[in-house]
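Engineer: Give me coordinates for this.
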Amino acid sequence: MDKQCFLTQKGPKAVGPYSTAVVYGDTIYLSGMIPIDPATQKLVEGDCAAQAVRVFENIQLVLGEMGATMQDALKTTVYLTDLSKFGEVNAIYKDWFGPDYPARTCVEISKLPLGAQIEVEVIARKA
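Structural biologist: Coordinates of the predicted model:
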């Protein structure tokens with residue numbers, strides 16, 4: 001079995017030397033998504049909620065490009081620069097991944113690329 005590297009045509013471009021996703025077998029390993037608008041390739045301004053919505057839109061775009069959906073997500077890792085936004089992000093998260101939620105880890109970190117407030121990586125099954 002070979003790994004297949006994937007570069008998005010619809011979602012935001014990588015901000016470093018990495019693939020948007022890697023597929024191995026029937027598993028998709030999606031790199032962390034930050035709130036970059038694919039049309040402008042610029043960070044979305046606004047609060048954590050606005051940035052979270054853009055991140056989930058980006059994830060949906062890229063998974064869709066790969067023939068998968070949000071319901072195919074098996075595990076997510078959410079990185080926040082302010083864990084006090086946990087509840088705010090949860091309220092948005094549930095609408096994108098429910099009702100059969102993937103396993104999840106959420107951690108606070110000091111900084112994210114481009115000054116983003118949230119980053120989410122996903123492991124999903126290939127539909």
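Engineer: Backbone dihedrals for Thr105, both of them.
Structural biologist: phi -120, psi 140 (degrees, to the nearest 10).
Engineer: State the pLDDT value of it.
Structural biologist: If you check Thr105, the pLDDT there is 98.
Engineer: my guess is it contacts Thr77, does it?
Structural biologist: Yes: using C-beta atoms under 8 Å, Thr105 is in contact with Thr77, at 4.8 Å. Bear in mind the C-beta positions are built from the backbone N, C-alpha and C, glycine included.
Engineer: which one of the two has more residues nearby?
Structural biologist: Thr77 (15 against 10; other C-beta atoms under 10 Å).
Engineer: Pull the number of nearby residues for Leu114.
Structural biologist: 12.
Engineer: contacting residues for it?
Structural biologist: 15, 34, 36, 43 (C-beta atoms under 8 Å, 6 or more residues apart in numbering).
Engineer: State the number of residues packed around the last one.
Structural biologist: Leu43 has 20 neighbours, counted by other C-beta under 10 Å.
Engineer: which among the contacts of Leu114 end up buried?
Structural biologist: Neighbour-count burial (16 or more other C-beta atoms under 10 Å) is assigned, among the contacts of Leu114, to 34, 36, 43.
Engineer: What sits closest to the second one if chain neighbours are left out?
Structural biologist: Meaning Ile36. In space, not counting the residues next to it along the chain, Ile36 is nearest to Pro12; the distance is 3.6 Å by C-beta to C-beta, 6 or more residues apart in numbering.
Engineer: contacting residues around the one you found?
Structural biologist: Counted by C-beta under 8 Å, 6+ apart, Pro12 has contacts 33-34, 36-38, 41, 58.
Engineer: what's the burial count for Val53?
Structural biologist: Residues near Val53, counting by other C-beta under 10 Å: 17.
Engineer: With the one 5 residues further on instead?
Structural biologist: Asn58 sits with 24 neighbouring residues when counted by other C-beta under 10 Å.
Engineer: Check which residues of the host helix or strand of it are buried.
Structural biologist: Using DSSP states H and E, Asn58 maps to helix 48-65. Within helix 48-65, the residues that count as buried by 16+ other C-beta under 10 Å are 48, 51-63.
Engineer: Thank you, goodbye.
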